[in-house]
Every structure is written in C-alpha cells, then in structure tokens.
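[1] Quick one: sequence plus predicted model below, questions after.
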Amino acid sequence: GENVEQHPSTLSVQEGDSAVIKCTYSDSASNYFPWYKQELGKRPQLIIDIRSNVGEKKDQRIAVTLNKTAKHFSLHITETQPEDSAVYFCAIGGGADGLTFGKGTHLIIQP
Amino acid sequence: DAGVTQSPTHLIKTRGQQVTLRCSPKSGHDTVSWYQQALGQGPQFIFQYYEEEERQRGNFPDRFSGHQFPNYSSELNVNALLLGDSALYLCASSIYGRQETQYFGPGTRLLVL
C-alpha cells in the first residue's frame, strides 16, 4: 500500500526564522500532495497543495516543492510567527485509498 | 457558506455497543470521506461516498460501514465497538472529479470504555 514518511517529528525554530518539513513517498501513481495544519483540538486545515505537473507553489509565507523523480516533497514556512505553532501533516492522493497521511510534525515557534 | 459539520462532538460508549456518527458536507460538495485519527497520529482513510455508494475503502474491517443520503450528508456506523476504536473520527468533503481536495469537519471524539 501507499506509505508516507514525514520528518522531523518535532521542529523548534526561533520566531522569524524559516521552517522546513519533508515527506517521502513510495507510490509512483500519487499525483496530489496536500499539506494540513492541525491546532490542538481542532480540525485539520488545508493550507497548500500541489499536483504532480507542478514543481513549486507559493502562497504568501508558505511554499511547497515537489521532486517527483526522487519522490519527495517539502513544506517551507518563512518568517515564522507564534500562530504557526501546530502539528503539520503531509498527505498523498491520487491512488485508490483516499488520502494517505504522514505521522505529523509538531512545529514549535520559540519567542 | 456553511463548512463541514459533524455530530455529535463527543461520545462515550462501552465495548460491544454500536455507534452512528453524522456529517454534512460543505455547501456545493457531493463527496464525503471518513477518517479515523488516533491520538498523536495522522488521519487514516476509512471510506469515501459519492452518489450514495461506497467508492473507495481503506484497510478497515466490515464493522465499519457507512451511508450517504440524497442531500449528500453521510453517516459512519461502527458495530461491536472495541477499546481500540477510541479516536477522533473526521469527515471530509470534496467535489467529485477533484475528490482528493478535501476539507475536514471538526470531528467526533469517540471514547470506548
């Protein structure tokens, strides 16, 4: 079945610095790569996504890059702010089993 | 524009009981997917409904079943509850044809004692 590895499991950065979270996958049929942000006790919120015909996508301070040959994609957050603190999940889609999620990265923004 | 809604927010059941969870998709969406999120883990796909039929299914036993109604709302039923079924159950809605772009509801927290 599909598998997604997400690293790191915890990431602590100083406010204003950048944060990068990486995911690797094994299923070549995957063609959709979303990122979700989940604050404590709340729903996962779709923050950015990319499809396999695009290498990079940016939305203000958030960007996602995709290397389909190497089967990995990354979330980049620049100029981090306290409200960026949350658990971030990568996921893959396009196969037969809905979205497959990584195990999550707990991002901590240090003041 | 109403987002995805779920009910109830919390539920406590005992082993062996049955439970029904409900979901109303975002306005304009016609596809509903259900996920189970254990504590500290990512959501795991249970199944997806479109046009009142189960279209995709993840690796969950037959104790997990669902239904979709003509108004696109959906139910998740779990029979013969086990302690390990304790989790946050999330519903996600989407538009068929781009069903991978999913928006989640707030979830139902199920505790099995």
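    Sure thing, it's come through.
[2] can we go C-alpha only for contacts and neighbour counts from here?
    OK.
[3] Who is residue B:45 paired with across the strands?
    residue B:35 (DSSP bridges).
[4] Could you pull up the contacting residues of it?
    With contacts defined as Cα atoms under 8 Å, 6 or more residues apart in numbering or on different chains, the neighbours of residue B:45 are A:97, A:98, A:99, A:100, B:33, B:34, B:35, B:36, B:57, B:58, B:59.
[5] from those residues, which is closest to residue B:91?
    For these, the closest approach to residue B:91 (Cα to Cα) belongs to residue B:34, at 4.6 Å.
[6] can you tell me how far the nearest residue to the closest one once chain neighbours are set aside sits from residue A:22?
    Sequence neighbours aside, residue B:91 is the residue nearest to residue B:34 in space, at 4.6 Å (criterion: Cα to Cα, 6 or more residues apart in numbering or on different chains). Between residue B:91 and residue A:22 the computed distance is 26 Å (Cα to Cα, to the nearest Å).
[7] who's more crowded, the two?
    Between residue B:91 and residue A:22, counted using other Cα atoms under 10 Å in any protein chain shown, the more crowded position is residue B:91 (33 against 17).
[8] Test my guess that that one contacts residue B:21.
    No. With contacts counted by Cα atoms under 8 Å, residue B:91 stays clear of residue B:21, the gap being 9.5 Å.
[9] joint contacts of those two?
    Overlap between the contact sets of residue B:91 and residue B:21, as judged by Cα under 8 Å, 6+ apart, is given by residue B:6.
[10] lowest-confidence helix or strand of chain B?
    Of all helical and strand segments in chain B, the minimum by mean pLDDT, DSSP states H and E falls on strand B:53-57, at a mean of 93.
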